[in-house]
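Student: 3D model of this:
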Amino acid sequence: MTVSYKATKKRVRRVALQPEPAPKPIPHANGIIYPKSVPSFFTLREDFEQLTFERRITSGRIDSAALRGELFLVSFFAGSGLLDFGFEKAGFTPIFVNEWNQEFLAAYLYSRQQMGIPAPTFGSSSDSVETFLSSNRKLLEEIISTARRKGLVGFIGGPPCPDFSIGGKNRGRHGDNGKLTKTYFELIIQNKPDWFLFENVKGLWSTKRHRKFYDEMITFALKAGYAISDQLVNAIEYGVPQDRDRVIAVGFSSGICNKLGLQLGTKIPDGIFPWQTQKVFKRDEVFNLPWPQQNSFGSASQKPALVPLELTVGHWFKTNDVTKHPNAMHSFKPRAGLARFKEVAEGDDSRKSYKRPAF
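Tutor: Here you go, the predicted structure:
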(Lines give C-alpha, C1' and ligand atoms only; values in the text may rest on other atoms or scores of the structure.)
Protein backbone atom coordinates (compact mmCIF):
# COMPACT_ATOMS: atom_id res chain seq x y z
CA MET A 1 0.00 0.00 0.00
CA THR A 2 1.28 3.47 -0.83
CA VAL A 3 -0.15 6.65 0.65
CA SER A 4 1.15 10.01 -0.51
CA TYR A 5 0.26 13.65 -0.23
CA LYS A 6 1.76 16.98 -1.20
CA ALA A 7 3.75 18.56 1.57
CA THR A 8 2.52 22.03 2.37
CA LYS A 9 5.88 23.21 3.61
CA LYS A 10 8.73 24.11 1.29
CA ARG A 11 12.19 23.07 2.32
CA VAL A 12 15.40 24.69 1.16
CA ARG A 13 17.61 21.82 0.04
CA ARG A 14 20.09 20.90 -2.64
CA VAL A 15 18.60 19.75 -5.89
CA ALA A 16 18.73 15.98 -6.20
CA LEU A 17 19.45 14.59 -9.65
CA GLN A 18 19.18 10.95 -10.72
CA PRO A 19 20.93 8.60 -8.26
CA GLU A 20 23.85 6.66 -9.64
CA PRO A 21 23.24 2.94 -10.27
CA ALA A 22 24.13 0.71 -7.33
CA PRO A 23 27.34 -1.27 -7.81
CA LYS A 24 27.49 -5.04 -7.65
CA PRO A 25 27.84 -6.17 -4.02
CA ILE A 26 30.82 -8.28 -2.97
CA PRO A 27 31.17 -10.40 0.21
CA HIS A 28 33.38 -8.97 2.94
CA ALA A 29 35.59 -10.84 5.36
CA ASN A 30 33.26 -10.14 8.28
CA GLY A 31 30.25 -11.60 6.49
CA ILE A 32 28.63 -8.26 5.67
CA ILE A 33 28.14 -7.53 1.99
CA TYR A 34 29.61 -4.24 0.83
CA PRO A 35 29.45 -2.71 -2.66
CA LYS A 36 32.66 -2.34 -4.67
CA SER A 37 32.25 1.40 -4.50
CA VAL A 38 29.82 3.73 -2.81
CA PRO A 39 27.51 5.65 -5.10
CA SER A 40 26.45 9.02 -3.82
CA PHE A 41 22.72 9.02 -3.14
CA PHE A 42 22.34 12.16 -5.15
CA THR A 43 24.55 14.24 -7.37
CA LEU A 44 24.18 17.68 -5.82
CA ARG A 45 24.29 21.09 -7.40
CA GLU A 46 26.11 23.77 -5.48
CA ASP A 47 23.19 26.17 -5.48
CA PHE A 48 20.12 25.82 -3.27
CA GLU A 49 16.58 25.93 -4.57
CA GLN A 50 13.17 25.65 -3.01
CA LEU A 51 11.44 22.40 -3.79
CA THR A 52 7.94 21.16 -3.16
CA PHE A 53 8.09 17.43 -2.57
CA GLU A 54 5.82 14.55 -1.69
CA ARG A 55 6.04 12.75 1.60
CA ARG A 56 5.17 9.11 1.32
CA ILE A 57 4.30 6.06 3.33
CA THR A 58 5.38 2.98 1.45
CA SER A 59 4.17 -0.29 2.86
CA GLY A 60 3.71 -3.80 1.63
CA ARG A 61 0.58 -5.77 2.30
CA ILE A 62 -0.07 -5.80 6.02
CA ASP A 63 -0.34 -9.56 6.44
CA SER A 64 0.81 -11.58 9.45
CA ALA A 65 2.09 -14.26 7.07
CA ALA A 66 4.98 -11.95 6.17
CA LEU A 67 6.23 -11.73 9.76
CA ARG A 68 9.42 -13.43 10.94
CA GLY A 69 10.03 -14.29 14.59
CA GLU A 70 8.01 -13.33 17.65
CA LEU A 71 9.64 -10.07 18.83
CA PHE A 72 8.69 -7.07 16.71
CA LEU A 73 9.48 -3.39 16.89
CA VAL A 74 8.24 -0.14 15.39
CA SER A 75 11.04 2.41 15.13
CA PHE A 76 10.49 6.16 15.40
CA PHE A 77 13.17 8.81 14.74
CA ALA A 78 15.06 5.93 13.14
CA GLY A 79 17.88 7.92 11.56
CA SER A 80 20.02 5.59 9.47
CA GLY A 81 19.02 2.59 11.58
CA LEU A 82 21.87 1.85 13.99
CA LEU A 83 19.61 1.43 17.04
CA ASP A 84 17.36 -0.85 14.99
CA PHE A 85 20.37 -2.89 13.91
CA GLY A 86 21.38 -3.39 17.54
CA PHE A 87 17.91 -4.70 18.39
CA GLU A 88 18.04 -7.01 15.38
CA LYS A 89 21.33 -8.45 16.62
CA ALA A 90 19.44 -9.25 19.84
CA GLY A 91 16.65 -11.07 17.98
CA PHE A 92 14.05 -8.37 17.27
CA THR A 93 12.47 -7.69 13.87
CA PRO A 94 11.67 -4.14 12.64
CA ILE A 95 8.23 -4.15 11.07
CA PHE A 96 7.75 -0.42 10.42
CA VAL A 97 10.12 2.55 10.44
CA ASN A 98 9.49 6.28 10.65
CA GLU A 99 12.15 8.89 9.86
CA TRP A 100 11.22 12.42 8.80
CA ASN A 101 14.56 13.21 7.14
CA GLN A 102 14.27 11.62 3.73
CA GLU A 103 18.02 11.40 3.20
CA PHE A 104 18.43 9.47 6.45
CA LEU A 105 15.59 7.14 5.51
CA ALA A 106 17.17 6.58 2.10
CA ALA A 107 20.44 5.68 3.85
CA TYR A 108 18.55 3.32 6.18
CA LEU A 109 16.96 1.39 3.33
CA TYR A 110 20.01 1.49 1.07
CA SER A 111 22.35 0.18 3.77
CA ARG A 112 20.08 -2.75 4.55
CA GLN A 113 19.87 -3.62 0.89
CA GLN A 114 23.65 -3.55 0.51
CA MET A 115 24.17 -5.71 3.61
CA GLY A 116 21.55 -8.24 2.55
CA ILE A 117 19.21 -7.40 5.45
CA PRO A 118 15.45 -7.46 4.71
CA ALA A 119 13.60 -4.15 4.68
CA PRO A 120 11.11 -3.52 7.52
CA THR A 121 8.26 -5.97 7.03
CA PHE A 122 5.45 -3.44 6.67
CA GLY A 123 7.44 -0.60 5.14
CA SER A 124 8.57 2.87 6.13
CA SER A 125 7.42 6.47 6.35
CA SER A 126 8.96 9.92 6.05
CA ASP A 127 5.83 11.58 7.44
CA SER A 128 6.05 13.71 10.56
CA VAL A 129 5.79 11.50 13.64
CA GLU A 130 2.84 13.65 14.75
CA THR A 131 0.68 12.30 11.90
CA PHE A 132 0.61 8.90 13.64
CA LEU A 133 -1.55 10.51 16.27
CA SER A 134 -4.01 11.67 13.61
CA SER A 135 -4.09 11.01 9.86
CA ASN A 136 -1.87 7.91 10.00
CA ARG A 137 -3.31 6.57 13.23
CA LYS A 138 -5.32 3.76 11.66
CA LEU A 139 -2.34 2.55 9.64
CA LEU A 140 -0.21 2.24 12.78
CA GLU A 141 -3.03 0.51 14.65
CA GLU A 142 -3.39 -2.03 11.83
CA ILE A 143 0.35 -2.74 11.82
CA ILE A 144 0.38 -3.32 15.58
CA SER A 145 -2.74 -5.49 15.70
CA THR A 146 -1.46 -7.63 12.82
CA ALA A 147 1.93 -8.18 14.44
CA ARG A 148 0.32 -9.10 17.77
CA ARG A 149 -1.15 -12.19 16.15
CA LYS A 150 2.38 -13.58 16.03
CA GLY A 151 4.16 -12.06 19.02
CA LEU A 152 5.05 -8.98 21.07
CA VAL A 153 5.33 -5.45 19.64
CA GLY A 154 7.55 -2.73 21.03
CA PHE A 155 8.34 0.91 20.23
CA ILE A 156 11.88 2.28 20.14
CA GLY A 157 12.83 5.89 19.67
CA GLY A 158 15.21 8.67 20.58
CA PRO A 159 13.37 11.94 19.84
CA PRO A 160 15.54 14.85 18.59
CA CYS A 161 17.69 16.15 21.44
CA PRO A 162 18.97 19.70 20.60
CA ASP A 163 16.40 21.41 22.82
CA PHE A 164 17.64 19.46 25.86
CA SER A 165 21.34 19.30 25.04
CA ILE A 166 23.77 21.12 27.31
CA GLY A 167 25.46 22.43 24.17
CA GLY A 168 22.16 23.38 22.51
CA LYS A 169 19.74 26.30 22.86
CA ASN A 170 17.82 24.73 25.76
CA ARG A 171 14.34 25.50 24.46
CA GLY A 172 13.20 22.36 26.23
CA ARG A 173 9.70 20.98 25.90
CA HIS A 174 8.52 24.02 23.91
CA GLY A 175 11.13 23.78 21.17
CA ASP A 176 10.31 22.31 17.77
CA ASN A 177 12.45 19.29 18.61
CA GLY A 178 11.71 19.13 22.32
CA LYS A 179 7.96 18.81 21.86
CA LEU A 180 8.46 15.56 19.92
CA THR A 181 9.40 13.80 23.16
CA LYS A 182 5.84 14.35 24.34
CA THR A 183 4.57 13.18 20.95
CA TYR A 184 6.50 9.93 21.35
CA PHE A 185 5.03 9.28 24.80
CA GLU A 186 1.57 10.11 23.46
CA LEU A 187 2.09 7.47 20.75
CA ILE A 188 3.02 4.97 23.45
CA ILE A 189 -0.07 5.74 25.51
CA GLN A 190 -2.34 5.73 22.46
CA ASN A 191 -1.12 2.43 20.99
CA LYS A 192 -0.08 0.57 24.15
CA PRO A 193 2.87 -1.44 22.80
CA ASP A 194 3.96 -4.42 24.88
CA TRP A 195 7.20 -2.62 25.70
CA PHE A 196 9.01 0.57 24.78
CA LEU A 197 12.45 2.16 24.84
CA PHE A 198 13.12 5.89 25.10
CA GLU A 199 16.57 7.47 24.66
CA ASN A 200 17.82 11.04 24.97
CA VAL A 201 20.70 13.24 26.10
CA LYS A 202 22.02 13.84 29.61
CA GLY A 203 20.53 17.35 29.74
CA LEU A 204 17.01 15.92 29.94
CA TRP A 205 18.06 14.08 33.11
CA SER A 206 20.40 16.56 34.79
CA THR A 207 19.03 20.03 33.93
CA LYS A 208 16.38 20.98 36.51
CA ARG A 209 13.63 22.30 34.23
CA HIS A 210 14.18 19.58 31.62
CA ARG A 211 14.16 16.93 34.35
CA LYS A 212 10.76 18.17 35.50
CA PHE A 213 9.42 17.59 31.98
CA TYR A 214 11.07 14.16 31.79
CA ASP A 215 9.53 13.13 35.12
CA GLU A 216 6.11 14.24 33.82
CA MET A 217 6.51 11.97 30.79
CA ILE A 218 7.54 9.02 32.95
CA THR A 219 4.56 9.64 35.24
CA PHE A 220 2.35 9.81 32.14
CA ALA A 221 3.48 6.29 31.18
CA LEU A 222 3.26 4.97 34.74
CA LYS A 223 -0.37 6.10 34.99
CA ALA A 224 -1.04 4.24 31.73
CA GLY A 225 0.01 1.04 33.49
CA TYR A 226 3.64 0.58 32.45
CA ALA A 227 6.35 -0.64 34.80
CA ILE A 228 9.46 1.43 34.04
CA SER A 229 13.17 1.30 34.67
CA ASP A 230 15.41 4.21 33.70
CA GLN A 231 19.01 5.17 34.15
CA LEU A 232 21.69 7.58 32.99
CA VAL A 233 24.36 5.42 31.36
CA ASN A 234 27.63 6.16 29.62
CA ALA A 235 28.63 4.41 26.40
CA ILE A 236 32.12 3.74 27.70
CA GLU A 237 30.70 1.54 30.47
CA TYR A 238 29.51 -0.87 27.78
CA GLY A 239 32.81 -0.98 25.90
CA VAL A 240 32.23 1.83 23.38
CA PRO A 241 35.26 4.18 23.04
CA GLN A 242 33.20 7.31 23.71
CA ASP A 243 32.49 9.43 26.77
CA ARG A 244 28.79 9.77 25.93
CA ASP A 245 26.05 10.01 28.56
CA ARG A 246 22.50 9.03 27.64
CA VAL A 247 19.28 8.63 29.59
CA ILE A 248 17.43 5.44 28.68
CA ALA A 249 14.01 4.38 29.90
CA VAL A 250 12.38 1.01 29.24
CA GLY A 251 8.74 0.23 29.96
CA PHE A 252 6.74 -2.99 30.09
CA SER A 253 2.98 -3.48 29.76
CA SER A 254 0.67 -5.64 31.84
CA GLY A 255 1.23 -8.86 29.89
CA ILE A 256 4.99 -8.79 30.38
CA CYS A 257 4.70 -7.50 33.94
CA ASN A 258 2.47 -10.42 34.90
CA LYS A 259 4.97 -12.92 33.50
CA LEU A 260 7.93 -11.24 35.21
CA GLY A 261 6.17 -10.55 38.48
CA LEU A 262 6.47 -6.77 38.12
CA GLN A 263 3.96 -4.36 39.65
CA LEU A 264 1.98 -2.32 37.13
CA GLY A 265 2.27 1.44 37.11
CA THR A 266 5.45 1.60 39.21
CA LYS A 267 9.18 2.16 38.81
CA ILE A 268 10.98 -1.17 38.67
CA PRO A 269 13.17 -1.58 41.79
CA ASP A 270 16.93 -1.27 41.38
CA GLY A 271 18.73 -4.48 40.57
CA ILE A 272 15.94 -6.14 38.58
CA PHE A 273 16.59 -4.69 35.13
CA PRO A 274 20.14 -5.75 34.09
CA TRP A 275 21.74 -2.33 33.75
CA GLN A 276 24.76 -3.34 35.78
CA THR A 277 25.24 -6.92 34.59
CA GLN A 278 25.71 -5.79 30.99
CA LYS A 279 28.42 -3.26 31.83
CA VAL A 280 31.98 -4.26 31.05
CA PHE A 281 33.78 -1.28 32.62
CA LYS A 282 33.25 0.75 35.76
CA ARG A 283 32.82 4.40 34.90
CA ASP A 284 34.95 5.86 37.69
CA GLU A 285 37.79 3.44 37.06
CA VAL A 286 37.83 4.16 33.33
CA PHE A 287 37.92 7.94 33.75
CA ASN A 288 40.71 7.68 36.30
CA LEU A 289 43.00 5.95 33.82
CA PRO A 290 46.02 7.95 32.54
CA TRP A 291 44.40 9.16 29.33
CA PRO A 292 46.51 11.37 27.03
CA GLN A 293 45.82 15.07 27.46
CA GLN A 294 46.69 17.40 24.59
CA ASN A 295 49.25 17.36 21.80
CA SER A 296 50.02 19.89 19.10
CA PHE A 297 47.98 19.73 15.91
CA GLY A 298 49.06 16.92 13.59
CA SER A 299 50.99 14.92 16.19
CA ALA A 300 50.05 11.32 16.93
CA SER A 301 48.81 10.14 20.33
CA GLN A 302 50.18 6.97 21.86
CA LYS A 303 48.02 4.62 23.89
CA PRO A 304 49.12 4.48 27.53
CA ALA A 305 49.81 0.94 28.72
CA LEU A 306 47.01 0.99 31.32
CA VAL A 307 44.25 2.01 28.86
CA PRO A 308 42.38 -1.09 27.56
CA LEU A 309 42.89 -1.58 23.85
CA GLU A 310 39.14 -2.01 23.24
CA LEU A 311 38.53 1.53 24.52
CA THR A 312 40.46 3.03 21.62
CA VAL A 313 38.93 4.00 18.30
CA GLY A 314 41.95 2.62 16.48
CA HIS A 315 41.28 -0.87 17.83
CA TRP A 316 37.78 -0.94 16.35
CA PHE A 317 38.96 0.53 13.07
CA LYS A 318 41.36 -2.39 12.74
CA THR A 319 38.89 -4.99 14.02
CA ASN A 320 36.27 -3.90 11.48
CA ASP A 321 38.79 -3.37 8.68
CA VAL A 322 37.55 0.20 8.24
CA THR A 323 40.33 1.19 5.84
CA LYS A 324 38.86 -1.25 3.33
CA HIS A 325 35.27 -0.06 3.68
CA PRO A 326 33.91 1.37 0.42
CA ASN A 327 33.72 4.91 1.80
CA ALA A 328 36.94 4.77 3.84
CA MET A 329 38.52 7.65 1.95
CA HIS A 330 35.48 9.94 2.09
CA SER A 331 35.86 12.98 4.33
CA PHE A 332 34.86 16.61 4.58
CA LYS A 333 37.19 19.47 3.78
CA PRO A 334 37.02 22.36 6.26
CA ARG A 335 36.85 25.72 4.49
CA ALA A 336 35.91 28.72 6.59
CA GLY A 337 36.95 26.82 9.73
CA LEU A 338 40.28 25.54 8.44
CA ALA A 339 42.40 28.07 10.32
CA ARG A 340 40.52 27.35 13.54
CA PHE A 341 40.80 23.63 12.89
CA LYS A 342 44.59 23.87 12.90
CA GLU A 343 44.59 25.81 16.16
CA VAL A 344 42.68 23.20 18.18
CA ALA A 345 45.10 20.88 19.94
CA GLU A 346 44.79 17.12 19.57
CA GLY A 347 42.73 15.95 22.56
CA ASP A 348 41.19 19.32 23.43
CA ASP A 349 37.64 18.51 24.55
CA SER A 350 37.17 21.54 26.80
CA ARG A 351 34.70 23.15 24.38
CA LYS A 352 32.50 22.41 21.41
CA SER A 353 34.48 21.32 18.38
CA TYR A 354 33.91 19.15 15.34
CA LYS A 355 37.48 17.94 15.68
CA ARG A 356 37.99 14.86 17.81
CA PRO A 357 41.14 12.87 18.55
CA ALA A 358 41.58 9.15 17.96
CA PHE A 359 44.42 6.73 18.61
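Student: What segments of the chain are helices?
Tutor: Under the criterion DSSP state H, helices of the chain are mapped to 82-89, 102-115, 137-147, 179-191, 203-206, 208-223, 254-260, 283-287, 313-319, 338-343.
Student: ok, now how distant is the nearest residue to Thr266 once chain neighbours are set aside from Lys303?
Tutor: Distance criterion C-beta to C-beta, 6 or more residues apart in numbering; nearest residue to Thr266, sequence neighbours excluded, is Ala227 at 5.8 Å. Any C-beta I mention is one placed from the backbone N, CA and C, and that applies to glycine too. With distances taken as C-beta to C-beta, to the nearest Å, Ala227 is found 43 Å from Lys303.
Student: of those two, who's got more company?
Tutor: Neighbours per residue, other C-beta atoms under 10 Å: of Ala227 and Lys303, the larger number sits with Ala227, 25 against 15.
Student: Quick check: which ranges of the stretch 151-300 of the chain have low pLDDT?
Tutor: The model of the stretch 151-300 of the chain has no residue with pLDDT under 70.
Student: Run a quick neighbour tally on Asp284.
Tutor: Per other C-beta under 10 Å, the neighbour tally for Asp284 reads 7.
Student: And Pro304, by the same measure?
Tutor: 11.
Student: Report the contact partners of it.
Tutor: For Pro304, the contact set (C-beta atoms under 8 Å, 6 or more residues apart in numbering) comprises 289-292.
Student: one more time with 7 Å, if that's ok
Tutor: Contacts for Pro304 (C-beta atoms under 7 Å, 6 or more residues apart in numbering) come out as 290, 292.
Student: cool, and Gly69?
Tutor: 91, 93, 151.
Student: Tell me the spacing between the nearest residue to Ile189 once chain neighbours are set aside and Gly203.
Tutor: Among residues not flanking Ile189 along the chain, Ala224 sits closest, at 4.8 Å (C-beta to C-beta, 6+ apart). Distance, Ala224 to Gly203, by C-beta to C-beta: 25 Å.
Student: And for His174?
Tutor: Taking C-beta to C-beta, one finds His174 at 15 Å from Gly203.
Student: same deal with Ala300?
Tutor: 34 Å.
Student: Which one's more surrounded, His174 and Gly203?
Tutor: Gly203 (22 against 9).
Student: That one is in contact with Ile166, isn't it?
Tutor: Yes - look at Gly203 against Ile166 with C-beta atoms under 7 Å: they come within range, at 4.8 Å.
Student: Spell out which residues are contacts of both of the two.
Tutor: Shared contacts of Gly203 and Ile166, counting by C-beta under 7 Å, 6+ apart, come down to nothing at all.
Student: Report how many residues lie close to Glu130.
Tutor: Here the count is done by other C-beta under 10 Å, and Glu130 has 15 residues near it.
Student: Identify the spatial nearest neighbour of it, chain neighbours not counted.
Tutor: Nearest residue to Glu130, sequence neighbours excluded (C-beta to C-beta, 6+ apart): Thr183, at 5.5 Å.
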